[in-house]
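[1] need the 3D shape of this:
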Amino acid sequence: MIKLPRIVARFFLIAGWLFSLAVTVFIVAFAVLNRESTPVTLTPFHDATALPVYVIVLGPLAAGLIAGAVFTWFYHLPLRLRVRGLKRQIEKFERTTAITAEPVVMLQNDHNLLRNKLTSSITDIIS
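    Residues are numbered from 1 along each chain as shown. Alright, predicted model coming up:
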């Protein structure tokens, strides 16, 4: 993982908050300016329901945002579980090598080799 300089990380944090603020102001202004009701027919068998325009526009956007977040979370779940398992393996091997009274060079070399492989697997999964 690339470590950004502190000033760059701070800039992105502030820029993210400013963008979120601008989007929030836009959504609130849109909702306030579009309060008039519009008839909406969801099925041909029922009468039309009057809904404000902002509900008609922002409702599906909010539903899509939530659905996308849920689908993304489930898509990345196997990757997160694999990373968690690999981290547990690394911790297990580190504890195993720390417990031994006298370090064995071959065991340490295998441990370092395994740790490097697991670390590279984790970075491959994340990137």
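
[2] any low-confidence regions in this structure?
    The model of the chain has pLDDT under 70 over residues 1-2, 98-111, 127.

[3] secondary structure element for the residue nearest the centre of it, which one?
    Centroid-nearest residue in the chain: W73, 6.8 Å away (criterion: C-alpha atoms, centre = their mean). Element membership of W73 [criterion: DSSP states H and E] is helix 53-99.

[4] what helices and strands are in contact with that helix?
    Here helix 53-99 touches helix 6-33, strand 37-40, helix 105-126, going by 3 or more C-beta pairs under 8 Å, 6 or more residues apart in numbering; DSSP states H and E. For every residue, glycine as well, the C-beta is placed using N, CA and C.

[5] at 10 Å what do you get?
    helix 6-33, strand 37-40, strand 49-52, helix 105-126 (3 or more C-beta pairs under 10 Å, 6 or more residues apart in numbering; DSSP states H and E).

[6] figure out which of those is closest to G68.
    helix 6-33 (15.7 Å; C-beta to C-beta).

[7] for that closest one, the distance to its chain's centre please.
    Offset of helix 6-33 from its chain centre (C-alpha atoms, centre = their mean, to the nearest Å): 18 Å.

[8] wait, doesn't the residue nearest to the centre of the chain sit right on L79?
    No. W73 is beyond contact range of L79, at 11.1 Å (criterion: C-beta atoms under 10 Å).

[9] re earlier: now do the contacts for the residue nearest to the centre of the chain.
    W73 is in contact with R80, counting by C-beta atoms under 10 Å, 6 or more residues apart in numbering.

[10] now L114
    Q89, I90, F93 are the contacts of L114 under C-beta under 10 Å, 6+ apart.
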